[in-house]
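A.B. asks: How does the following fold in three dimensions:
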Amino acid sequence: MKRQLAVLFLSSIVFSAYAQNDVYLCIDSNGNREYKNTGPTNKCKKVDLPGVSTVPAAKKPATQQTAVAKPSSPSDFPRVDNTIQKARDSDRRQILQDEMRAEEQKLADIRREYNNGEPERRGDERNYAKYQERTATLKDDLARSEKNVEALKRELGNLK
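C.D. replies: Numbers count the residues shown, from 1 in each chain. So this is what the prediction gives:
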């Protein structure tokens, strides 16, 4: 970590040195102008550039800084009646609970088939590689299904 900070510090010094170099105006044989601050600058004229000007931002009055503006919705923004919203929330909860039951059933089936990492071999798996492939697929399906159950539980917990 200290080495990375040292490299970062040194590189910032090097790049800031380039930014503060003199600028030269070079004109080639075809009359094209080229501005340079590195490389060969023979037969070039130094250009005097004004320094960088910084202007501080205007300070806001104290009343504007402390007041927090509430986001307002437009007057034509559609509003939903409380009873309709409650019905929608109830439907959402029911849908999530149905999904949760289905996902838990799927998880139980996968766990049963996975059999703690040693599923029973099928007749079409005479090749051991096919068996290993199916075992890996079951393991991935098991992890995915567990994450889905966790997400559904979290979503149901977030409902009011």
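
A.B. asks: Which strand or helix spans the spatially closest residue to Glu146 that is not a sequence neighbour?
C.D. replies: Of all residues not flanking Glu146 in the chain, Leu107 sits nearest, at 6.4 Å (C-beta to C-beta, 6 or more residues apart in numbering). No exception for glycine: its C-beta is placed from N, CA and C like everyone else's. Element membership of Leu107 [criterion: DSSP states H and E] is helix 82-114.

A.B. asks: average pLDDT for that helix?
C.D. replies: For helix 82-114, the mean pLDDT works out to 94.

A.B. asks: buried residues in it?
C.D. replies: By neighbour count on 16 or more other C-beta atoms under 10 Å, the buried set for helix 82-114 is Leu96, Glu99, Met100, Glu103, Lys106, Leu107, Ile110, Tyr114.

A.B. asks: packing partners for it?
C.D. replies: helix 128-158 (3 or more C-beta pairs under 8 Å, 6 or more residues apart in numbering; DSSP states H and E).

A.B. asks: list the buried ones in the helix it packs on?
C.D. replies: Tyr131, Arg134, Thr135, Leu138, Asp141, Leu142, Ser145, Asn148, Val149, Leu152.

A.B. asks: quick one: the spatially closest residue to the fourth one that is not a sequence neighbour from Arg33, how far?
C.D. replies: When you say that, I think you mean Leu138. Of all residues not flanking Leu138 in the chain, Tyr114 sits nearest, at 4.6 Å (C-beta to C-beta, 6+ apart). The gap separating Tyr114 from Arg33 is 73 Å, by C-beta to C-beta, to the nearest Å.

A.B. asks: from the buried residues of helix 82-114, which single one is nearest Leu159?
C.D. replies: Nearest to Leu159 among the buried residues of helix 82-114, counting by C-beta to C-beta, is Leu96 at 7.5 Å.

A.B. asks: what's the distance between the closest residue to that closest one other than its chain neighbours and Val149?
C.D. replies: Leaving aside its sequence neighbours, Leu96 sits nearest to Leu156 (C-beta to C-beta, 6+ apart; 5.3 Å). Here Leu156 is placed at a distance of 11 Å from Val149 (C-beta to C-beta).

A.B. asks: Now the common contact residues for the two.
C.D. replies: When contacts are counted by C-beta atoms under 8 Å, 6 or more residues apart in numbering, Leu156 and Val149 have Met100 as shared neighbours.

A.B. asks: Where does pLDDT dip in this protein?
C.D. replies: Low-confidence segments of the chain (pLDDT under 70): 1-21, 39, 52, 62-71, 160.

A.B. asks: sec struct for Glu34, please.
C.D. replies: strand (DSSP: H, G, I helix; E, B strand; the rest coil).
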